[in-house]
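Enquirer: Sequence and computational prediction follow.
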Amino acid sequence: MIILKHNVLSVDDLFLIERQLLRWLDRKETKVGLDFNVLTLGRADIYGHLLGIFTRLGCTDALNITHSELLDFFIDVDAAYLNAPYHSFYHAVDIVFMIYYMLTDLNAGACIPPLDIAALLIAALCHDIGHPGYNNVYQVNFKTDAAKKYNNTSVLEALSCELVRDLILKKHVNIVHSLVPGTAKSRWMNKIETMILHTDMIYHYTLQEQAGLLEEDMLCQQQQHSYSSNDYFSHHESSALPPTHTFATTSQWAHVSNNGFSFSPQCYGPDASDYFQTAAATATTTTTVTTSHSIIDRNTPLNEDQIEQFSSILLHAADISNTVRPWAISKQWSDLIVQEFFRQGDIEKRYGLAVSPGMDRDLSSQADISLTFGDLVVRPYFEAFAHLLPGAHVFLQALDNNRDEWIQIKQNQDYHENDDDNSVDKTNDLLLSSSQHQQRQFPVSLLPIPAATAQQFSAPPLGERRVSVAAGTLVIPENVVGFHGRNGSIPCRAGLRSQSFAVAERTSVLRKLSHGPVFLQQRATTGYDIIK
């Protein structure tokens, strides 16, 4: 029986929550797949599903926490979300469900221990806490208190980190009370903060590269393991990758992000995969996607830092997965994000600021925004993701289907504007080649940036492409091309690495440094220009 100690729910709600949880415990729960639509659920059902997911994946045992304590935490998290159209508690829950799908149906959880899965799920549930529905560009340009507090650096992500730390350590709902005090507890908390910080789109291309590099590492591990398991495991620990830098506080992260990272190798060692046995024994694996060739399995153990890196890759994939869901669900989420975009654009106009790309309701259309984001941002990332996790090709199939839907919508819109502009080929030309369209969607003028921040960025060349994303404005590198079609997709590993990767490939020493989950910050290092 669930008994709340610090929050109040009606008897009917508690009954619904317990009933949903019992379905999970009896393995009679609703199938969680790509077509699982959280927007159709009430709060009680959501809480019950969350309890079921955390239990099924071994997180309640790993944290040694009761269902009642965990429900109190969920209610606190829900209350901490603001009433934004898109960045709401429902968005966070949707990301949790997508991660559950990846961990179970796509076998991504085979090499992640339950305690790390708990960190991943909590990071997903809390990654947008405090988000007002106005992105980082808005925070910086309007010089909000949050922007000042976090030095214009990943403002909303840093805010979420601070809020989630307070919630996790809340005296009456302390979900880490059973963890060993000191270093272990602090490191676990830092993992959550690191994952949340890297949901900022400034890390998009770096995570895309890391997916390819992690794939190469794991393939090498499997090849070595096939020759000599014992020799491989003894070698693996000595050649571990450099770790993701973790931070005691968000302010420490903000300081280090402007002054570079340091390295201190630590790893789980050869037994990391054993930690997942409990969750794997109870996980649902009813996917229809073939995963037999996946490089993710318990025979390829990851060290602690690779697990953190892989978790960040998973979280980011889930966070931008709305475009790779079945059309009906994808369209619903698109409607919500466009509400936020146009609302922000209206305010930017009202105060005389340059309107962020894609946020001017008079110049941009929902179809244009969705097609641009899908072609130039989502597709390359999920191509890299599918190399690492082959079952993820199902996302690319959904993206293709959704693109057809948006093309049809755009054709219908263009038909009313110009009767001659109604073919798929001409639509693609408009999307990817027309200088007029590029200027409309990716204006060449820089967004207003305070003087203290402006010196961090150099002016982009004329014609450089920008697209608004939930976290800010993303500059598309010149070597990122558009849609290749169902039969002509070019894996992003072939041509979508940054300059830093190209240089690192030339020497094994530099390449080794580039392997770690240290997320490069500066334009001069990454070759990418991000306007935040």
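Expert: Received, thanks. Numbering: from 1, shown residues only.
Enquirer: the domain parsing of this structure - what is it?
Expert: 11-200+238-319, 338-531 (automatic domain parsing).
Enquirer: If I average pLDDT within each of these, which one is lowest?
Expert: Mean pLDDT per stretch puts domain 338-531 lowest among the domains of the chain, at a mean of 64.
Enquirer: which residue ranges form the strands in this structure?
Expert: Ranges of strands in the chain, per DSSP state E, are 465-468, 473-476, 530-531.
Enquirer: Next, give phi and psi for the nearest residue to His131 once chain neighbours are set aside.
Expert: Residue nearest to His131 in three dimensions, not counting chain neighbours: His87, with 3.9 Å by CB to CB, 6 or more residues apart in numbering. For the C-beta atoms, the positions are set from N, CA and C on the backbone; glycine is no exception. Backbone dihedrals for His87, given as degrees, to the nearest 10, come out at phi -80, psi 70.
Enquirer: Settle this for me: His87 is touching Gly133, isn't it.
Expert: Yes. With contact defined as CB atoms under 8 Å, His87 reaches Gly133; the gap is 5.6 Å.
Enquirer: Show me which of the two is the more surrounded one.
Expert: Counted by other CB atoms under 10 Å, His87 and Gly133 do not tie: His87 has more neighbours, with 25 against 21.
Enquirer: Contacts only, for the more buried one.
Expert: By CB atoms under 8 Å, 6 or more residues apart in numbering, the contact set of His87 is 81, 128, 131-133, 340, 470.
Enquirer: Could you rerun that using 6 Å?
Expert: Each residue near His87 by CB atoms under 6 Å, 6 or more residues apart in numbering is listed here: 128, 131, 133.
Enquirer: From Leu159, how far off is it?
Expert: 12 Å (CB to CB, to the nearest Å).
Enquirer: Next: Glu193.
Expert: In terms of CB to CB, Glu193 sits 12 Å off from Leu159.
Enquirer: do Arg361 as well
Expert: 27 Å.
Enquirer: try Ala328
Expert: 32 Å.
Enquirer: Tell me which of those two has more neighbours.
Expert: The neighbour count for Ala328 versus Leu159, taken as other CB under 10 Å, is higher for Leu159 (24 against 10).
Enquirer: isn't that one right up against Gly130?
Expert: Yes. The pair Leu159 / Gly130 is scored as a contact, 4.8 Å apart, by CB atoms under 6 Å.
Enquirer: Leaving out chain neighbours, which residue sits closest to Gln339?
Expert: Take Gln339 and drop its neighbours on the chain: the residue closest to it by CB to CB, 6+ apart is Pro85, 4.1 Å away.
Enquirer: Pull the number of nearby residues for that neighbour.
Expert: A count of nearby residues for Pro85, using other CB under 10 Å, gives 16.
Enquirer: Give me the distance between it and Phe342.
Expert: 10 Å.
Enquirer: re earlier: save the contacts of His87 as a markdown table, and put in distance to Asp76 too.
Expert: Shown next, in a markdown table, are the contacts of His87 (distance: CB to CB, whole Å):
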| residue | distance to Asp76 |
| --- | --- |
| Asp128 | 15 |
| His131 | 16 |
| Gly133 | 21 |
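Enquirer: Return the member of those residues nearest to Asn151.
Expert: For the contacts of His87, the closest approach to Asn151 (CB to CB) belongs to His131, at 18.5 Å.
Enquirer: Do I have it right that that closest one meets Glu157?
Expert: No. The pair His131 / Glu157 is not scored as a contact, 9.2 Å apart, by CB under 6 Å.
Enquirer: more neighbours, these two?
Expert: Of the pair His131 and Glu157, Glu157 is the one with more neighbours under other CB under 10 Å, namely 27 against 23.
Enquirer: Check the gap between Gln2 and Pro114 for me.
Expert: Small correction: residue 2 is Ile, not Gln. Taking CB to CB, one finds Ile2 at 21 Å from Pro114.
Enquirer: who has more neighbours, those two?
Expert: Neighbour count, other CB under 10 Å: between Ile2 and Pro114, Pro114 has more, with 22 against 19.
Enquirer: That one touches Leu63, doesn't it?
Expert: No. Judged on CB under 6 Å, Pro114 makes no contact with Leu63 at a distance of 8.7 Å.
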